[in-house]
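Chemist: Mind folding the following:
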Amino acid sequence: MILTTRVDATNYAEACDCIQVWAEAQRSCYVVAANVHVVMTAEQDPNYQAIVNQAALVTPDGMPLVWGLRLLGIPHATRVYGPDLMLAWCQRAALLGLPIYLYGGTELTLNKLATFLTQRFPDLVMAGCHAPPFRPLTAEEEAADLERIRQSKARVVFVGLGCPKQEQWMHRQLSQLDAVMIGVGAAFNFFSGEVSQAPRWMMRLGLEWLYRLSQEPGRLWRRYLLYNPLFVLRFGVQVLKSYL
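Modeler: Numbering: from 1, shown residues only. Prediction:
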């Protein structure tokens, strides 16, 4: 546990192995790629915390959580970054012929993203995609979206609605959708080319937040300038208690 959130020590191969088993069995479940934003949001919202902790898999999406796992006694913990997990699974899905579905973003984003994925993985089966409106859906709209995904026969649904909306949506579809749902957040914008990713050296140093803040200061300043220092403080206390 990092603060009040379960974070699983895994890697890309193990995560894809789990997703494959669940997808082939048509198990209804979801995967959360957790970063500091997810952990801090969960700590402040018990309902969201329960949603995250009920995931079939919670990967350490950000380097602070990887370092946190190591400090808590898992020395070989590695990062399983949502966008990279998306690519790893698409590569596996192309080999296995397991269809995927894209849910979130805008129509333009999805068109660019689908083009990127099918060019990179020519054998990937794209079952469908849908961009819901940027507002709370009515019950009828959500039911229609769900039926659209069911009809597509997708085994894995990538969800790009952002935290906490995507985790809440996936949780509502449990037992309603016989597929693995994976929340990948900004991956839709990254792979569509609409937002640039931080250089890998910044990611390795845990400075991705600084790069993203420079790209979208108006939207992200609260997340990084408030949550990051609070996380360091709260997790520091947790580490000290673990050694006492």
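
Chemist: Can you give me the distance of Q119 to M126?
Modeler: Look at Q119 and M126: by CB to CB, to the nearest Å, they are 11 Å apart. Backbone N, C-alpha and C define where each C-beta goes, glycine included.

Chemist: ok, those two, which is more surrounded?
Modeler: The neighbour comparison of Q119 against M126 (other CB atoms under 10 Å) goes to M126, with 19 against 9.

Chemist: any idea where the helices of the chain begin and end?
Modeler: 12-24, 36-44, 46-53, 63-71, 82-96, 107-120, 139-152, 165-172, 187-191, 200-204, 208-215, 217-243 (DSSP state H).

Chemist: angle of the longest one against helix 208-215?
Modeler: Relative orientation of helix 217-243 versus helix 208-215 (axes from the mean of the first three to the mean of the last three CA atoms, to 10 degrees): 160 degrees.

Chemist: Return the distance of helix 217-243 from the chain's centre.
Modeler: Centroid separation for helix 217-243 versus its chain: 20 Å, with CA atoms, centre = their mean, to the nearest Å.

Chemist: now for that helix, which elements pack on it?
Modeler: Contacts defined by 3 or more CB pairs under 8 Å, 6 or more residues apart in numbering; DSSP states H and E place helix 217-243 against helix 36-44, helix 63-71, helix 208-215.

Chemist: What residues sit buried inside that helix?
Modeler: In terms of neighbour count (16 or more other CB atoms under 10 Å), helix 217-243 has its buried residues at R223, Y224, Y227, N228, F231, F235.

Chemist: now it: mean pLDDT?
Modeler: Averaging pLDDT along helix 217-243 yields 90.

Chemist: hang on, the earlier thing: so which of the helices and strands packed on helix 217-243 is the most packed in?
Modeler: Neighbour counts (mean count of other CB atoms under 10 Å) averaged over each of the helices and strands packed on helix 217-243 peak at helix 36-44, with a mean of 22.

Chemist: Off-centre distance for that helix?
Modeler: 14 Å.

Chemist: Not counting its own residues, what contacts that helix?
Modeler: Helix 36-44 has contacts (CB atoms under 8 Å, 6 or more residues apart in numbering) with 2-5, 7, 32, 48-49, 52-53, 61-62, 64-65, 163-164, 167, 209, 223, 227-228, 230-231, 234.

Chemist: Stretch 181-196 too?
Modeler: 19, 29-33, 82-83, 85-86, 89, 102, 104-105, 108-110, 112-113, 116-117, 156-163, 166-167, 170, 173, 197, 212, 215-216.

Chemist: Farthest pair within the buried residues of helix 217-243?
Modeler: R223 and F235 (16.3 Å; CB to CB).

Chemist: that older thread, nearest to D145, out of the buried residues of helix 217-243: which one, please.
Modeler: The closest of the buried residues of helix 217-243, once distances to D145 are taken by CB to CB, is R223, at 26.9 Å.

Chemist: The closest one and L205, how far apart?
Modeler: 19 Å.

Chemist: and what of A77?
Modeler: 16 Å.

Chemist: And those two? Which one has more around it.
Modeler: A77 (21 against 12).

Chemist: which residues touch that one?
Modeler: A9, P60, V66, L69, R70.

Chemist: What sits closest to it if chain neighbours are left out?
Modeler: Sequence neighbours aside, L69 is the residue nearest to A77 in space, at 3.7 Å (criterion: CB to CB, 6 or more residues apart in numbering).
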